[in-house]
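*Asks:* quick one: sequence and predicted model below, then my questions.
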Amino acid sequence: MKKTYKLIFISLFFINTSGFAQTNTLKINITPTFGAMVLQLADSLFNANDSTQLQVDVLKFYISKVQLLNDGKIVLEEKNSYHLIDASELKSVLLPIENKENIHFDELQFDLGLDSTTNVSGAMGGDLDPTKGMYWTWQSGFINFKLEGKSKLCKTRNSEFQFHLGGYQQPNYCIQTLRFQITNSNVINLKLDLKKILQQIDLAKTNHIMSPCLEAVLLSKIVANSLTVIEN
Amino acid sequence: MKRKLLILSLISLTIVAFRFIDNPLIVLPKIFPKPVYDFSKNPLSENKIKLGRALFYDPILSRNNMISCASCHSQFSAFTHVDHALSHGIEDKIGFRNSTTLMNLAWQSSFMRDGAINHLDMQALAPISNPVEMDESMIHVVSKLQSNQLYTKLFYKAFGDSVITGEHTLKAISQFMLTLVSCNSKYDSVMRKQTSFTEQENNGYKLFKKNCASCHNEPLFTNDEFRNNGLSLDTSLNDYGRYRVTKNPSDSLKFKVPTLRNIEFSYPYMHDGRFKKLSQVMNHYTNEVIKSKYLSPELDKSIVLSSNEKVDIIAFLLTLTDKSFLFNPQYFYPKEIFLESAKD
């Protein structure tokens, strides 16, 4: 009997120390900024194109299908890869990597938004739960990117602007695939520069997009181009 | 001995096979095609269906706790809003369409008159948040359910977790709706060769197959597609149907082809409930179809029917009434669930 216990103990010890299935974590941080400043929600410090004050109240968006590549080939693909980035409670995207020391990567790829399959797959949980406020109710489909705030340029109620970008069917398919050159490190820092986005929108004319349309596709491209790697 | 063993194993194999074919929680009629709904992503269970049924009948889903799904979807009228051209919701606010019937939903690929909803699980979100229906938000519904002891118990029994989520709420409602299968009308009995049509019904059936069945095809009596059936635009509503969703001009005035099962009890008819009687529907198709570029091609050539032939078609349509569905106690208001909670 004692022998059996010893055997179990020794096997457990070897399993634990033999080195396989060692998991490390790659941390991906996405920091929303306004130019050089880190974004503070509901803070009307920011200047838009013509020095008019502007405030951002809501910033939420999905990234999905996170992958690492080496020489253009996928070396790691996250399973069930859906992350809601919410400026009101920023969290890092944690990517567990088994045997990290054996995996080399030089590029990070992910989608800004959710693909059409996810959009037609019914009720899902976690970051995709309909209570997250990122699902249209009057017409099926996820909102990929939500930006709401106020600007004196908007001749709207309370000077509000609202951009809810989404759409999973052509020609209004909004998803954007992004690829970044990165170094093989444990942390990847990205920033989303809202100044860059808002400078490209004439808020006096375009101050709300609430349904799938070509403007939403255009704006999704602008958002994608405003997401960049922070050089260390 | 060997023979006995062989017989025994054959019997057990048959029992196993039947278990796989017949899910006791839902009827999948042999004459129906393969369901569209993917049951593997939301496997049916007795407790989830029970929870879904409670949610369906509970006004807790609405802002003022007064309107439930059943308010606009009553069982005796094939789960639609009987007697109202346009359905009314919270604080008697009037909607802009006639509510749809709810049955055989596992075989539908899109929902609502314009197909705006792409999955049964997401369907309930629309009425919950519509300001003239329930005017509530999903996040608030979940928080109300979470603070209600009956629901923390029901969710725990259903999902093994008393933490309530939007996903579980919607999936439970789907489960109850999936059980609403209508397949026991006289028509179905005739198809199963258990009975036969009268002469008049049989004549109506022949005329139906000739004039109506290209869109209302058997056995579901809908092709699950969108069609412009030549109705005039009601300028007080300006409802362009499918166009509202796709913004494609060719979808102008197209609406989902509704099932005709239980049509005897689901009046008034059409997306805006403009016809109270089946005879008015018949007269529309023979005399009032408005020709336009995107009219359903089946209606390009006028349908010609005598008065007697119209009556015969209606006689056939009445064979689609399924009383075992309309009065199935499994779909009733679940007073036993709510009474149980009142005792606590």
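*Replies:* Sure, I can see it.
*Asks:* helices of chain A, residue ranges please.
*Replies:* With helices called from DSSP state H, chain A shows them at A:2-17, A:116-119, A:194-198, A:214-225.
*Asks:* could you identify which of these has the lowest mean pLDDT?
*Replies:* Mean pLDDT is lowest for helix A:2-17 among the helices of chain A, at a mean of 48.
*Asks:* what does chain A put close to chain B?
*Replies:* A:119-125, A:128-133, A:135, A:137-141, A:213 (Cβ under 8 Å from any Cβ of the partner chain). Glycine gets a C-beta too; all of them are placed from N, C-alpha and C.
*Asks:* apply 6 Å and report the result again.
*Replies:* Selection of chain A residues close to chain B by Cβ under 6 Å from any Cβ of the partner chain yields A:120, A:122-125, A:129-131, A:137-140.
*Asks:* from those residues, pick the one nearest A:Leu108.
*Replies:* A:Met124 (24.2 Å; Cβ to Cβ).
*Asks:* what's the closest non-adjacent residue to the closest one?
*Replies:* B:Glu167 (5.8 Å; Cβ to Cβ, 6 or more residues apart in numbering or on different chains).
*Asks:* lowest-pLDDT helix or strand in chain A?
*Replies:* The least trusted helix or strand in chain A, going by mean pLDDT, DSSP states H and E, turns out to be helix A:2-17, with a mean of 48.
*Asks:* pLDDT weak spots in chain B?
*Replies:* Judged by pLDDT under 70, chain B has its weakly predicted residues at B:1-23, B:342-344.
*Asks:* do chain A as well
*Replies:* Under the criterion pLDDT under 70, the flagged ranges of chain A are A:1-23, A:45-52, A:232.
*Asks:* so which residue is dead centre in it?
*Replies:* A:Ile63 (3.4 Å; Cα atoms, centre = their mean).
*Asks:* hey, what's that residue bridged with?
*Replies:* Listed beta-bridge partners, A:Ile63: A:His83, A:Leu112 (assigned using DSSP bridges).
*Asks:* tell me, how many residues neighbour B:Lys157?
*Replies:* 15 (other Cβ atoms under 10 Å in any protein chain shown).
*Asks:* got a list of what B:Gln75 touches?
*Replies:* B:Tyr331 (Cβ atoms under 6 Å, 6 or more residues apart in numbering or on different chains).
*Asks:* for A:Ser121, see how far away A:Gly168 is.
*Replies:* You called it Gly, but residue A:168 is Tyr. As judged by Cβ to Cβ, to the nearest Å, A:Tyr168 and A:Ser121 stand 11 Å apart.
*Asks:* pull out the buried residues from stretch B:103-111.
*Replies:* B:103-108, B:110-111 (16 or more other Cβ atoms under 10 Å in any protein chain shown).
*Asks:* for these, work out which two are farthest apart.
*Replies:* B:Met103 and B:Ser110 (15.6 Å).
*Asks:* for the nearest residue to B:Ser296 once chain neighbours are set aside, list each beta-bridge partner.
*Replies:* Leaving aside its sequence neighbours, B:Ser296 sits nearest to B:Arg227 (Cβ to Cβ, 6+ apart; 4.1 Å). Beta bridges link B:Arg227 to B:Phe255, judged by DSSP bridges.
*Asks:* okay, A:Tyr168 and A:Ser121: which has more neighbours?
*Replies:* The neighbour comparison of A:Tyr168 against A:Ser121 (other Cβ under 10 Å) goes to A:Tyr168, with 22 against 17.
*Asks:* how far away is the more buried one from B:Ser174?
*Replies:* With distances taken as Cβ to Cβ, A:Tyr168 is found 20 Å from B:Ser174.
*Asks:* mind listing the residues bridging to A:Leu147?
*Replies:* Here A:Leu147, judged by DSSP bridges, has bridge partners A:Leu59, A:Phe163.
*Asks:* and it, how far from chain B?
*Replies:* Distance of A:Leu147 to chain B, given as Cβ to the nearest Cβ, to the nearest Å: 20 Å.
*Asks:* and that residue, how many neighbours?
*Replies:* 25.
*Asks:* okay but it is in contact with A:Phe163, surely?
*Replies:* Yes - with contact defined as Cβ atoms under 6 Å, A:Leu147 counts as touching A:Phe163 (4.5 Å).
*Asks:* residues in contact with B:Asp121?
*Replies:* B:Asp121 touches A:122-123, B:170-171, B:174, counting by Cβ under 6 Å, 6+ apart.
*Asks:* please read the previous query as pertaining to B:Leu178.
*Replies:* By Cβ under 6 Å, 6+ apart, the contact set of B:Leu178 is B:26, B:106.
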